[in-house]
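Peer 1: Predicted model, plus sequence, below.
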Amino acid sequence: MNSWTEKGPGRKKCPAAGCVFFVGVRARVCACGQAFGAAKSAPRRHSRFQKRASDPDDNGKEPKEDRRPVLSTPSGRCPAELESTEPDAVQEWVTAVRAACPKVHLTNRALRYYLRQFFGLFTDEYTVVAAQLP
Ligand SMILES: [Zn+2]
């Protein structure tokens, strides 16, 4: 049994009245005869909380990447009408389509997929609009 009269790392003060000893944190009984209950057993030295607190990845910042599922082959009708091939109309259309699908990230491929509902694939109009996609 180890006991000390000075505190130190890995030692705990004996709770017995008048006892001057410090014992190892895992000790079950002091030199004075004081017994330590099981409930006062040593704390876990490598708790998950300690590890998390020093985890360099756990800095509390939100990741910048878009974590929404990617949608590149949408189904159904395009949620917004494309009025013309003019740049302003195209930008409005892209904004409207993406606003209509807030839970997914629409890829440019998805936008081109929708374009086919307005213009035939590889028509002049399709090519003009596709070139303006972000
Ligand atoms: Zn003691």
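Peer 2: Happy to help now that I have it.
Peer 1: okay, CA-based contacts and neighbour counts for the rest of this
Peer 2: Will do.
Peer 1: near the ion, which residues of the protein?
Peer 2: Along the chain, the residues adjacent to the ion under the rule CA under 5 Å from the ion are C14, C19, C30, C32.
Peer 1: Give me the buried subset of those.
Peer 2: Among these, the ones that count as buried by 16 or more other CA atoms under 10 Å are C14, C30.
Peer 1: Tell me where the model's unsure across the protein.
Peer 2: Counting by pLDDT under 70, the low-confidence segments of the chain come to 1, 38-64.
Peer 1: And the helices in it?
Peer 2: Under the criterion DSSP state H, helices of the chain are mapped to 48-53, 87-100, 108-115, 124-130.
Peer 1: any idea which of these is most buried?
Peer 2: Of all the helices of the chain, helix 108-115 has the most neighbours on average by mean count of other CA atoms under 10 Å, namely a mean of 19.
Peer 1: Show me what it is packed against.
Peer 2: Packing contacts for helix 108-115, counted by 3 or more CA pairs under 8 Å, 6 or more residues apart in numbering; DSSP states H and E, involve helix 124-130.
Peer 1: ok, now with 10 Å
Peer 2: Based on contacts counted as 3 or more CA pairs under 10 Å, 6 or more residues apart in numbering; DSSP states H and E, the elements that helix 108-115 packs against are strand 70-71, helix 87-100, helix 124-130.
Peer 1: tell me the contacts of G18?
Peer 2: C32 (CA atoms under 10 Å, 6 or more residues apart in numbering).
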